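> Sequence first, predicted coordinates after that:
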Amino acid sequence: MMEWATGDKKVRLIKGDLVQLGVEAIVNAANKSLILGGGVAGAIRTRGGPSIQEECNKIGPIEVGEAVLTSGGNLKAKYVIHAAGPVYGEGDEDQKLANAVVNSLRIANKHRLHSIAFPAISTGIFHFPMKRCSKIMLNESTNFLKKNDYPKEIILCLYGEEAFQIFKNSLSFYTF
């Protein structure tokens, strides 16, 4: 684990399983149809139960870069923020990923959530390069924390040592 703080706010990098975290909200690396398929979404569906997909069915579809809120079902997290990430190669992916992060954080701020945890959005089946993802997510997260009251804690929960090391290396470029 690595942690950086500014005042009462912090960014943490951890290696682990997003759906096991006891935070107020986890972010689902969603597709724009909000169908909980594989990867992070599949784990949310499996552990969170069918109520999350039922809520998504009433909301979706959304545009790439948008984010919406549902309950956390049977998860430890109270909420799931579904952020539609870009497919690598579709065009304007960097801005779409930045929008997905910021829109998720806006939801956390609106609902005054203290803690939110993100996966590395779009780096799985959407093939977004991990290093580019790390720079965008860290940049948007740190900038948002500087300008907003909530969330107080942003966790970037990375699956596997390679992803963790890439984010750790990217974090060295950011200061609070």
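That came in fine, so what should we check first? Residues are numbered from 1 along each chain as shown.
> Going by C-alpha atoms from here, please, whenever you check contacts or count neighbours.
Fine.
> Residue 115 touches residue 21, doesn't it?
No. Residue 115 is beyond contact range of residue 21, at 10.3 Å (criterion: C-alpha atoms under 8 Å).
> Pick out whichever of those two has more residues nearby.
Shown here are residue 115 and residue 21; by other C-alpha atoms under 10 Å, residue 115 has more neighbours (21 against 17).
> What does the more buried one show for phi and psi?
Phi and psi for residue 115, reported as degrees, to the nearest 10, are phi -130, psi 140.
> in the chain, which spans are helices?
Here the chain has its helices, by DSSP state H, at 39-48, 50-59, 93-110, 130-147, 161-171.
> who touches the third one?
Which is helix 93-110. Applying C-alpha atoms under 8 Å, 6 or more residues apart in numbering, the external contacts of helix 93-110 come out as 25, 27, 64-69, 81-87, 114, 116, 121-122, 133, 136-137, 140-141, 144, 148-151.
> Strands - which of these land there?
25, 27, 67-69, 81-84, 116 (DSSP state E).
> which residues touch residue 135?
Applying C-alpha under 8 Å, 6+ apart, we find residue 135 in contact with 167, 170-171.
> Just give me the neighbour total for residue 1.
The tally of other residues near residue 1 (other C-alpha under 10 Å) stands at 10.
> With residue 147 instead?
Using other C-alpha under 10 Å, residue 147 has 8 neighbouring residues.
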